[in-house]
Each structure stands twice: as structure tokens, then as C-alpha cells.
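K.L.:
Quick one: sequence plus predicted model below, questions after.
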Amino acid sequence: MATYVNDLRLKEIATGAESGTWGTSTNTNLELIGEAVSYATQESFGSDANATTTVADGAADPARAFYFKVTSSGSLTATRVLTIAPNDISRIQIIENATSGSQIITIKQGTGATVNIPTGESRMVYYDGAGGGAAVVDALADINIGGKVTVGVDDTGYDVKFFGATSGKYLLWDESDDALVLPDSTNIKIGTGGDLQLYHDGSNSYIKNATGALKLATETSGIAVTVGHTTSETTVADNLTVTGNVTVGVDDTGGDVKFFGATSGKYWLWDESADGVVQYSALTVGVDDTGYDVKFFGATSGAYMLWDESADDLKLVGAAGLTVAGNIDIDGTANLDVVDIDGNVQIDGTVTVGVDDTGKDVKFFGATSGKYMLWDESDDSLLVADSTKIKVGASGDMALYFNGTDNYMDLTQDLRIRGGGSDMMYLQSTGNIYMGGLTSEPANGFLVVKSHAGKYSIVVGGGGTDTFTAMAFTEDGDAVVGTIAISSSSTAYNTTSDYRIKENVVDLENATDRLNLLKPYRFNFIGQTDTVDGFYAHEVSDVVHEAITGAKDAVDENGNDILQGIDQAKLVPLLVATVQELEARITALES
């Protein structure tokens, strides 16, 4: 007789049992073994009450899966127990609490230990299969990791929480806050004996040191240490020794500093309200050839005066200015070779850089890296960097720039190009272009490029009843080879044909024979439905070569077709000559 006493509840066939069907049973067992290392979901809680799920003997069951996702038909209102039966199976399993209602589920097998799983979390547990006293144990409750542990990936992390022996004490990596969190009165201890402690007791923050000196220092020169806040008060209850710089306050928010001497009434005061020093004795900073920086802040953020000992220079930074009632003499001359200004400058007179035929570069940087305007004295020109715009108008309605590849003129309004006080060209924001001082289509001669629903056309007009040339085509600069002429009722497309520019003139012979070589067809162009009369351009080229442009089957460097064209007007001389030959034959026959 078959039994199901193993931990996966597989069928174990007895000797001599199931003759002829053992293959089917074996295949079923293999499928169930696969199920035991798979993922499955079960609605274990059909109601808001404790539940039991029993792993079926020899049949598919979600509770057999290695990763077991537990759900509920509705919201749970309290902690609910899920008993895994039978209580004699021993195995390991990962269980996820995916129930509704945000409640804990307790995993149980017998009367032994249980494991609680909060909502939305998973636990790896094992069942000891001890029968009525069976226990469920958290398999990862006590784990020793001998290698690297990474939780999440860069920019997508997870909370990590370490609990202590006391209720409410823990260490939390809070991924949502990107911060390490300890609750009140939970210490960070540093040192073998925990000699340095950091904590917050709910009211105040503490740094406690039990052994040696407590030093606030940096190992790298030039890195500041700040104690206190702009609105807090720091009290030193003993002597204070400072071996480096002392800064009182922060930029634009200072405080009074008063130093008393051995003599009554002698002191040195930095008066923050006046942004000045009250000095009742001589003030010397450093000694000859070994000085120190001296910085004076004002009432405006970022504005200060600095004596820079490393550069032997007095610098005015930010909005700090220099007001001089008299003349300035720099290096004994009236000229400044180099001026470096990091703030605003207001000049109420003429500014001249260099002298005639001997100039200097002047460069204006912007807020973006690589953006500047430069007067390049070597090139006698004003340069702006790529993609740096020259804007005209209070709102920058016209902007000129080069983006590194193409030149641009960005316009928000119409553009007028003028000469002598009158419009020469008028470009409308709609896309229309008017020439000759026009701003609309007049009755007299004009040329307009118009935009119609995104498509453009050229409109040429003229006044009066006389024929005039609307467009002329030239070669070699000024030799007219064709025109488009307009009158009050017609348009003529002319090719220059004056006898004065012709030579080697002979009569056209055998016109009929040549005409018979032409093969007219009726066809439609690909993609169009209208049927028209015409020729193959390459066939006409053999008869009237001048009527055809391009070569048969020509393509460009990218393999794109270069199509041939035909000027059918060039066939007229051959047609006339053919008619004359036929007329002569008719006349001869009639005679």
C-alpha cells in the first residue's frame, strides 16, 4: 500500500504495488518535486479568522511551494494564525504576507514556537515536523554572514532595522530619508570601552567623552570646523586656546566681538551693527614680510573687503564698493594694466580700453560655463561663443547666434530691413516676404513670397497695361538667356532667340524622319491618377538632345535617383519643319 510520510507528501509506492501504473505515479511525484521549489499563491484566509492549510498527499498544492504567497479574500482586522498541516512534515519555506488589512499573520505547525510576519513582508522559516509539539522557526533569526551584504541597488534602497534587547531601541537605515536613524536615548558608542558616546535624549543632544581629550579638528588644512548656529549661543566654561583662524558669525549676519586689555577703558570692538571696528589703540596684523588675511564684512551678503596677504592685494568683493572723493593714483600712473572685477561696477563717465591702434581684449562672462562676449583686439571684432545669443529689444524679441553648426536669427515679431529710412525687405512672422518697401500686395510691380497653410508661393505683379519683365535669367553675370514677361492679360515664358547671338545657321532637314523617331505615349505618373500625354526623356534625347536635361538612370552619391526632365517647347522647331516638309509634298502631289 502506498504511503505519504515524507516531508513533501509524495506517494511512496509499496513493494509490488501499482503494477503497470508506477510510471504515472513517478511522473506525478517529479511534478510535485518541481512544485516544491517553485512559487505559488493561495487565498489561505477565506474569512477574517484563523485558518489551516494542509499540504495535499500526492496532488498539486500551493502550500507545497518553496515561495508561498499568502493572501486573503477580504481585510483582516487582527492578527490571524495560519496553521501548516500536517504537523509531521519538516522542511524550509519562504512565506510572504500579502493579505489585506495591514495585519500580522502568525505561522504555526504545532504547539511549539511560531513566527510572526508583518503585512507586506516575507520570512524564511523551517518546520521541525515534531508532531503535536511541532515548532516554526525563523531560519534567518541568527545568521552569520562571512561576505559582503548589499541591500537594494544604487538609488533604489530598502529599510534595514537592527533591534536591541530593550523595547523601542533600534538602529534604522531609513531609505526614504537616506539617513541612519536612532531613536531617543539610543547611543552610538565609539572606542573599545565605549568612551565616546553620541545620543539625543528627547530634549538635548550630547557628545560624551570619558577618556582623554575631546578634540574637534580636521586632518586636512583649510577645512573649517563650525560650532553652534547663527541664532544659538555657545558657552566656553574654561580657557579657550585657538591655534588657527577665528570666524564670528556668518556672511551678512555677524556678532559683536570685544577684547579687553590690561588698562581700563582699552579694548578692541568689532561692532556688527555698524559693520566696523572700534579701536582704542594701534592695530598691527603680522610683521614685516609675514602677514595674515584680514577680512571686513558689510551689511550685504557676499560683500566684504579683504587684505589678501598671499597676493599682497586689497580686494573688494561682491557688492563692496570704493568711493573716492579725489583722484586715484595707481602705481604712479593714470593707467591700469590689469583690472579684475568680480562684482557690479557703475561708471558715470566714458570708459576707454587701450589707445587708438593699440587695444586690449575685453571679456564678459555669463552665468553658464563657456558663455561669454569678447572684444578681440587682435581680430578687431566682437565675438560671442557658440550658442551665445545677441538679443535685441527689451524682451529679447530678436536673437542672433551660431550653434556650432548653423547661424540663426530668432524672431518673435516681424523683421524689417531698411535703407535710407524706408523698408527694403519685410519678413512677416506668418512667413510672407515683401520686397521693395512693401508691407502688403500693392497694385504696382512687386515680388512677394507668401505662406499658405505651411506652403510657400512666389507672387509677382505689375501695374498698368504695358508688358514688363517679371523675372530674368542670366548666365555669366549679365547675359540674359530667358525671361518671364507679364502683361495685363497674359504671361510669356521666353528663351532668348535674337539673330544677333547666333552663328553656323543652316536649314533644318529630314525633319519628318526625325519626328517619326519620337515615341509619344499616354500614361500617368506613379502615385497619381491623372492620365497625360508625353515621352520618355531618354528616347527624346536621341532625337532632340537640347530638349532633355539629365542622364538616363543617373543617381547621386547616396544612390538616390536623379530624374531627367524635358522642355517640350524645344520640339516646336522640329514640328514646324515637319509640317513644312509635308506641305511641300502635298503641294507637289496636287501639282
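P.N.:
Nice, I can see it.
K.L.:
Show me how the record splits the protein into domains.
P.N.:
Following automatic domain parsing, one finds the domains of the chain at 22-138, 506-591.
K.L.:
could you dump those to TSV with distance to Phe260 and mean neighbour count?
P.N.:
C-beta here means a position set from N, CA and C on the backbone, and glycine is covered the same way. Shown next, in TSV, are the domains of the chain (distance: least, CB to CB, whole Å; neighbours: other CB atoms under 10 Å):
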stretch	distance to Phe260	mean neighbour count
domain 22-138	64	17
domain 506-591	88	12
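K.L.:
Output those domains as TSV; include the columns mean pLDDT and distance to Leu306.
P.N.:
What follows is the domains of the chain, written out as TSV (pLDDT from 0 to 100; distance: least, CB to CB, whole Å):
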stretch	mean pLDDT	distance to Leu306
domain 22-138	92	58
domain 506-591	94	63
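K.L.:
Tabulate those (JSON lines), appending distance to Thr243.
P.N.:
Putting the domains of the chain into JSON lines (distance: least, CB to CB, whole Å) gives the following:
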{"stretch": "domain 22-138", "distance to Thr243": "53"}
{"stretch": "domain 506-591", "distance to Thr243": "74"}
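K.L.:
which one of the ones you listed lies closest to Ser167?
P.N.:
Closest to Ser167 of the domains of the chain, according to CB to CB: domain 22-138, at 15.5 Å.
K.L.:
circling back to that earlier point, indicate which one of the domains of the chain is closest to Asp177.
P.N.:
Using CB to CB, the nearest of the domains of the chain to Asp177 is domain 22-138, at 18.9 Å.
K.L.:
what's near enough to touch Gly298?
P.N.:
Contact partners of Gly298, counting by CB atoms under 8 Å, 6 or more residues apart in numbering, are Asp252, Asp275, Tyr304, Met305, Ala319, Ala320.
K.L.:
which of the residues you listed count as buried?
P.N.:
Listed as buried from the contacts of Gly298 are Asp275, Tyr304, Met305, Ala320; burial here means 16 or more other CB atoms under 10 Å.
K.L.:
Cross the residues you listed against strands and list the overlap.
P.N.:
Tyr304, Met305 (DSSP state E).
K.L.:
I'd assumed Glu31 was in a strand, is it?
P.N.:
No - with DSSP: H, G, I helix; E, B strand; the rest coil as the criterion, Glu31 is helix rather than part of a strand.
K.L.:
Touching, it and Ala60? I think so.
P.N.:
Yes - counting by CB atoms under 8 Å, Ala60 is a contact partner of Glu31 at 7.3 Å.
K.L.:
that older thread, and the contacts of Gly298, which two are furthest apart?
P.N.:
Asp252 and Met305 (14.2 Å).
K.L.:
Show me where the stretch 451-591 of the chain has its strands.
P.N.:
455-461, 468-475, 479-486, 491-495, 521-523, 532-534, 548-549, 565-566 (DSSP state E, counting those that start in this stretch).
K.L.:
who does the last one pair up with?
P.N.:
Looking back up the chat, that one is strand 565-566. As defined by DSSP bridges, the strand partners of strand 565-566 come to strand 548-549 (antiparallel).
K.L.:
if we look at the strand it pairs with, which residues are touching it?
P.N.:
Ala537, His538, Val540, Ser541, Gln564, Gly565, Ile566, Asp567.
K.L.:
Please repeat the previous calculation with a cut-off of 10 Å.
P.N.:
Strand 548-549 is contacted by residues 535-542, 563-567, 570 when judged by CB atoms under 10 Å, 6 or more residues apart in numbering.
K.L.:
contacting residues around stretch 186-194?
P.N.:
164, 166, 168-171, 180, 182, 195-201, 206-212.
K.L.:
quick one: which of these sit in strands?
P.N.:
Short answer: those in strands (DSSP E) are Tyr170, Leu171, Leu180, Leu196, Gln197, Leu198, Tyr199, His200, Tyr206, Ile207, Lys208, Asn209.
K.L.:
contacting residues around Leu383?
P.N.:
Asp361, Lys363, Tyr372, Met373, Leu374, Trp375, Asp376.
K.L.:
now with 8 Å?
P.N.:
Met373, Leu374, Trp375, Asp376.
K.L.:
can you list the residues that contact stretch 356-367?
P.N.:
Val353, Gly354, Lys371, Tyr372, Met373, Leu374, Trp375, Asp376, Glu377, Ser378, Asp380, Thr388.
K.L.:
how much space between Thr578 and Ser429?
P.N.:
55 Å (CB to CB, to the nearest Å).
K.L.:
Oh, that last question was meant for Arg500, not what I typed.
P.N.:
49 Å.
K.L.:
who's more crowded, these two?
P.N.:
Ser429 (11 against 4; other CB atoms under 10 Å).
K.L.:
Extract the C-alpha trace of stretch 154-164 and format it as CSV.
P.N.:
This file holds the C-alpha atoms of stretch 154-164, laid out as CSV (Å, rounded to 0.1, in the frame of the first residue of the first chain):
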residue,chain,number,x,y,z
ASP,A,154,22.1,52.5,-6.3
ASP,A,155,19.1,55.0,-6.0
THR,A,156,16.7,52.2,-5.1
GLY,A,157,17.3,51.0,-1.5
TYR,A,158,15.3,49.5,1.4
ASP,A,159,15.0,50.0,5.1
VAL,A,160,17.4,48.0,7.3
LYS,A,161,16.5,47.8,11.0
PHE,A,162,18.5,46.3,13.9
PHE,A,163,16.6,45.8,17.2
GLY,A,164,18.3,45.7,20.6
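K.L.:
just to revisit the earlier point, now render the contacts of Leu383 as JSON lines, adding distance to Gln109, pLDDT and neighbour count.
P.N.:
Formatted as JSON lines, these follow (distance: CB to CB, whole Å; pLDDT from 0 to 100; neighbours: other CB atoms under 10 Å):
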{"residue": "Met373", "distance to Gln109": "80", "pLDDT": "89", "neighbour count": "15"}
{"residue": "Leu374", "distance to Gln109": "82", "pLDDT": "89", "neighbour count": "17"}
{"residue": "Trp375", "distance to Gln109": "87", "pLDDT": "88", "neighbour count": "17"}
{"residue": "Asp376", "distance to Gln109": "86", "pLDDT": "89", "neighbour count": "13"}
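K.L.:
May I see the buried residues of stretch 194-213?
P.N.:
Leu196, Tyr199.
K.L.:
measure it end to end?
P.N.:
14 Å (CA to CA, to the nearest Å).
K.L.:
can you give me phi and psi for the residue positioned nearest the centre of the chain?
P.N.:
Nearest residue to the geometric centre of the chain (CA atoms, centre = their mean): Thr368, 15.9 Å. Main-chain dihedrals, Thr368, degrees, to the nearest 10: phi -110, psi 140.
K.L.:
any idea of the pLDDT on it?
P.N.:
Per-residue pLDDT puts Thr368 at 90.
K.L.:
From Gly420, how far off is it?
P.N.:
40 Å.
K.L.:
got it, and Ser310?
P.N.:
Distance from Ser310 to Gly420, by CB to CB: 60 Å.
K.L.:
cool, and Leu240?
P.N.:
Distance from Leu240 to Gly420, by CB to CB: 80 Å.
K.L.:
Could you do Asp88 as well?
P.N.:
109 Å.
K.L.:
what do you get for Lys519?
P.N.:
59 Å.
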